[in-house]
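> Sequence unavailable; structure follows:
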């Protein structure tokens, strides 16, 4: 592993500013949403706040390292890293090794802390796909070139299903399809993975009773207001309570043991209640600008000679963060069935925070020496189609 020259130009400041704002807002809202719960369970209102602060510091160091490392030198480690990621995904499924929380065995315990190997796998898979699709883009003109990626995705999804992590499986499927499209896969070939993935997803939903309950609760949560529909109903009540101006920071009533997971997956409901439509809408706007910035960066780097690898890497990371935010917001507002997907940089959670910051560090790395138009200029609109490489 080698590091870039320290005299190189700084990464994109605007992307750094967006990240700083989102992390700060998240830290404030984690404390607001968890203080009473933390005092009740652990005797300290700052329990979750301090742990989140530790994860932010760890993630910030990882982000700094990722922003300095020579990405081209890391390409030789793409396959070994993929194998290591798959090994960890298998290892966490072994009884006695993986830790079970809420009926899902998807964590490793390290002293007082725990982490999910699926979070590591997100970065590894995006890095591997960016490297492989750059090297093998000519193979994508034939259907046979698609098969290895579908097999790999199938293996990863099977391991995630074993961990009862259906949400991450959907996210990685979406990112894989996005990168295949941007790498130049003929659109007609997309009918094949879609025709396979759709029935697979339907089977996975129908084969698990708790998933079917989430679907029925999504369609009509008031059919089971004290059971499967309870979380969504409490979330919608919180959003309704906030209206336009909100009830004020720290004044949410739904976080008072009504709304489950108020500081994790459903933190956006507390934000909506306390800060109202203006605050919640402002947060959504920040995510939109972040995503546009990431894709704009990918578009610019794709125009460089030999820039496809970094372009796909930037697109994959941006897409991963964007899809995750979209799914979380959809769940909290009742537009999607309930699933345990945290809101990036906002929700409480060590694994998610650390590896999201590391992935953003890679974006900083790619942005070095790059002049990206202001988000307010006419030339700043995201041009995802410009990333596509016509094979």
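Okay, I see it. Everything quoted here is computed from the prediction, not taken from an experiment.

> Show me where the stretch 151-300 of the chain has its helices.
If DSSP state H, counting those that start in this stretch is used as the criterion, the helices of the stretch 151-300 of the chain fall at 166-182, 191-206, 209-219, 230-242, 267-302.

> give me the low-pLDDT residue ranges for the stretch 1-150 of the chain?
Within the stretch 1-150 of the chain, the stretches with pLDDT under 70 are 1-8, 102-103, 111-112.

> burial measure for residue 55, as a count.
20 (other CB atoms under 10 Å). Using the backbone N, CA and C atoms, a C-beta is placed for each residue, glycine as well.

> Please apply the same query to residue 48.
Neighbourhood size, residue 48 [other CB under 10 Å]: 22.

> Show me what counts as buried in the strand or helix carrying it.
Per DSSP states H and E, residue 48 falls inside helix 47-68. Neighbour-count burial for helix 47-68, counted by 16 or more other CB atoms under 10 Å, picks out 47-49, 51-52, 55-56, 58-60, 62-63, 66-68.

> where does the closest residue to residue 215 other than its chain neighbours land in three-state SS?
Spatial nearest neighbour of residue 215, chain neighbours left out: residue 337 (5.4 Å); criterion: CB to CB, 6 or more residues apart in numbering. When classified by DSSP: H, G, I helix; E, B strand; the rest coil, residue 337 comes out as coil.

> For the closest residue to residue 268 other than its chain neighbours, which residues are in contact?
Spatial nearest neighbour of residue 268, excluding adjacent residues (CB to CB, 6+ apart): residue 332 at 4.5 Å. Residues near residue 332 by CB atoms under 8 Å, 6 or more residues apart in numbering: 235, 239, 265, 266, 268, 269, 272.

> Of those, which is the most crowded?
In terms of neighbour count, residue 269 stands highest of the contacts of residue 332 at 31 neighbours, by other CB under 10 Å.

> Tell me the confidence at it?
Note on residue 269: pLDDT of 95.

> Surely it and residue 262 touch.
Yes - using CB atoms under 8 Å, residue 269 makes contact with residue 262 at a distance of 7.2 Å.

> So residue 344 belongs to a strand, correct?
No - Residue 344: not assigned to a strand; according to three-state DSSP it is coil.

> picking that back up, between residue 269 and residue 262, what contacts are shared?
Common neighbours of residue 269 and residue 262, using CB under 8 Å, 6+ apart, are residue 254.

> For stretch 194-202, list every residue counted as buried.
Buried, per 16+ other CB under 10 Å, within stretch 194-202: 197, 200.

> And that stretch, how far out from the chain middle?
22 Å (CA atoms, centre = their mean, to the nearest Å).

> for the stretch 251-391 of the chain, what are the low-confidence residue spans?
If you take pLDDT under 70 as the line, the stretch 251-391 of the chain has these spans: 374-391.

> mind redoing it with 80?
Counting by pLDDT under 80, the stretch 251-391 of the chain contains low-confidence residues at 305-306, 338-340, 369-391.

> Check the burial of the closest residue to residue 241 other than its chain neighbours by counting its neighbours.
Of all residues not flanking residue 241 in the chain, residue 273 sits nearest, at 4.8 Å (CB to CB, 6+ apart). Residue 273 has 29 neighbouring residues, counting by other CB under 10 Å.

> what do you get for residue 152?
17.

> Could you pull up the residues touching it?
By CB under 8 Å, 6+ apart, residue 152 lies in contact with 82, 125.

> Quick one: neighbours of the closest residue to residue 349 other than its chain neighbours, just the number.
Counting by CB to CB, 6+ apart, residue 342 is the residue found nearest to residue 349 once chain neighbours are left out, at 5.1 Å. Residues lying near residue 342 (other CB under 10 Å) number 25.
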